[in-house]
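# Quick one, what's the 3D model for this:
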Amino acid sequence: MTLAESVDIPLGSSMSPFSLPDSSGKTFNSWDCYGPKGLLVVFICNHCPYAIAQWTRFIALAQQSRELGVNIHPDYPQDAPEQMRILVREMEISFPYLIDGTQNTARQFRAQCTPDPFLFNRDAELVYHGRLDDNWQDESAVTHRELLEAVMALAEDRGVASPQIPAMGCSIKWRS
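A predicted model of the protein is given here:
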């Protein structure tokens, strides 16, 4: 495991459109994944300790986001589809869990680590790129939920707070 942080990407940057399959072979287009207020894309994987520690929080955030009109789309470019299907079933994941087999989507987004969240408004402009919260290891010790606050601000048509603290986690293992 190599620790990495998300890179600084200017807010207002446009989302790179994508079309990716889930672990069952159903294809999702980025524009079809959008909620009325926006879309949250998260690059993450099954094996990274940072991701494992935050999975339940992302699942809870997905439910809250959907209720606020922001859909969530995590993308797991590193893990095998059969392992993804198992995780979907075991954790009762209710959002599209897509495979970036070529890693082109992760490269276009400039994703660096897992998890690496990107929140876009309804105009496909980046409004948040940073960490989930202030304690990746212990959910009970979290005092500041930056990503949830960003989703709520987007849903309420308010500006998303700055500065944004980079996400950190395992570096994405790029194929050559």
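
# all strands for the protein, in order.
3-5, 19-21, 27-29, 38-43, 70-75, 113-114, 116-121, 126-128, 168-171 (DSSP state E).

# right, so those: which one is the most enclosed?
A comparison of these by mean neighbour count, using mean count of other C-beta atoms under 10 Å, puts strand 113-114 on top with a mean of 28. (Each C-beta comes from the backbone N, C-alpha and C, glycine too.)

# give me the number of residues near Arg85?
Neighbours of Arg85 under the rule other C-beta atoms under 10 Å: 14.

# doesn't Ser13 make contact with Leu126?
Yes - Leu126 is within contact range of Ser13, at 4.5 Å (criterion: C-beta atoms under 8 Å).

# my guess is Val88 meets Trp55, correct?
No - counting by C-beta under 8 Å, Val88 stays clear of Trp55, with 11.4 Å between them.

# count of neighbours near the nearest residue to Asp134 once chain neighbours are set aside?
What sits nearest to Asp134 in space, not counting adjacent residues and going by C-beta to C-beta, 6 or more residues apart in numbering, is His144, at 4.3 Å. Using other C-beta under 10 Å, the number of residues around His144 comes to 11.

# again with Ser13
Residues near Ser13, counting by other C-beta under 10 Å, number 16.

# who's in contact with it?
125-126 (C-beta atoms under 8 Å, 6 or more residues apart in numbering).

# what's the spacing between it and Glu146?
18 Å (C-beta to C-beta, to the nearest Å).

# beta partners for the most centrally placed residue in the chain?
Centre of the chain computed as the mean C-alpha position; nearest residue by C-alpha atoms, centre = their mean is Val42, 1.3 Å away. Beta-bridge pairing of Val42 under DSSP bridges involves Pro74, Pro117.

# does it really touch Pro117, like I thought?
Yes - judged on C-beta under 8 Å, Val42 makes contact with Pro117 at a distance of 4.7 Å.

# Overlap of the contact sets of the two?
With C-beta under 8 Å, 6+ apart, Val42 and Pro117 have no common neighbours.

# all helices for the chain, in order.
Assigned by DSSP state H, the helices in the chain fall at 30-33, 49-67, 81-91, 104-109, 146-155.

# CA-only coordinates of the second one in CSV, if you can.
What that stands for is helix 49-67. Only the C-alpha atoms of helix 49-67 are listed here, as CSV (Å, rounded to 0.1, in the frame of the first residue of the first chain):
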residue,chain,number,x,y,z
PRO,A,49,-7.5,-0.1,4.2
TYR,A,50,-8.6,3.5,3.7
ALA,A,51,-11.5,2.4,1.5
ILE,A,52,-12.5,-0.5,3.7
ALA,A,53,-12.6,1.8,6.7
GLN,A,54,-15.0,4.2,4.9
TRP,A,55,-17.3,1.8,2.9
THR,A,56,-20.2,2.0,5.3
ARG,A,57,-20.0,5.8,5.4
PHE,A,58,-20.1,5.9,1.6
ILE,A,59,-23.2,3.6,1.5
ALA,A,60,-25.0,5.8,4.1
LEU,A,61,-23.9,9.0,2.2
ALA,A,62,-25.4,7.5,-1.0
GLN,A,63,-28.8,7.2,0.6
GLN,A,64,-28.7,10.7,2.0
SER,A,65,-27.4,12.1,-1.3
ARG,A,66,-30.1,10.4,-3.3
GLU,A,67,-32.8,11.9,-1.0
